[in-house]
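Visitor: Sequence first, predicted coordinates after that:
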Amino acid sequence: MKQVTAAILINDGLIFIAKRKADDSSGEKWEFPGGTIEDGESPEDCLKREMEEEFEMGVSIGEYLGESIYLYDHGWIRLLAYRAYWESGNIVAKVHEDYQWVSKGELSNYLFAPADIPFVEKLMNGKIET
């Protein structure tokens, strides 16, 4: 099972989401950004690396918010979500088509990748504080 991380990045009450490119797996769906954990890498280090590589953002990692296990066409993934805090950098979307800062009430306006949906629901239901 592939281990993947997701950053639940909240700044001034808004949640950072990113849209995958059309030619990507789960193309054109929105997600909480992150990436695949490399051998010998902790989930927290993975998130820091991925946010830097994908958005030129320096982040610090906070509490573990849970996991979502989902079977995609390409196999099972275990998505590990962590609260993240924007520390530095200007946002430059390098591998995503778009990104947005949205309120929890706006999350339902976006089509999310299936593994991310449990975290969308937790945010909308107040189980993850914004």
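Guide: All right, it came through fine. No experiment lies behind these values; they were computed from the predicted model shown.
Visitor: Distance from the chain centre to stretch 20-37, please.
Guide: Here stretch 20-37 is found 9 Å from its chain centre; the criterion is CA atoms, centre = their mean, to the nearest Å.
Visitor: Would you mark the buried spots in that stretch?
Guide: Across stretch 20-37, burial judged by 16 or more other CB atoms under 10 Å covers 20, 26, 29-35, 37. All C-beta atoms are positioned from the backbone trio N, CA, C, and that covers glycine.
Visitor: model confidence over the longest helix that the chain contains, on average?
Guide: Identified as the longest helix of the chain according to DSSP state H is helix 43-55. Average pLDDT, helix 43-55: 98.
Visitor: Can you point out the buried residues in it?
Guide: 43-44, 46-51, 54-55.
Visitor: so which of those residues comes closest to residue 6?
Guide: residue 47 (7.9 Å; CB to CB).
Visitor: residue ranges of the strands in this protein, please?
Guide: For the chain, the strands defined by DSSP state E occupy 2-11, 14-20, 30-31, 34-36, 58-72, 75-88, 96-102.
Visitor: which residues touch the most centrally placed residue in the chain?
Guide: By CA atoms, centre = their mean, the chain has its centre lying nearest to residue 32, at 2.0 Å. Residues in contact with residue 32, defined by CB atoms under 8 Å, 6 or more residues apart in numbering, are 6-9, 16-18, 81, 116, 119.
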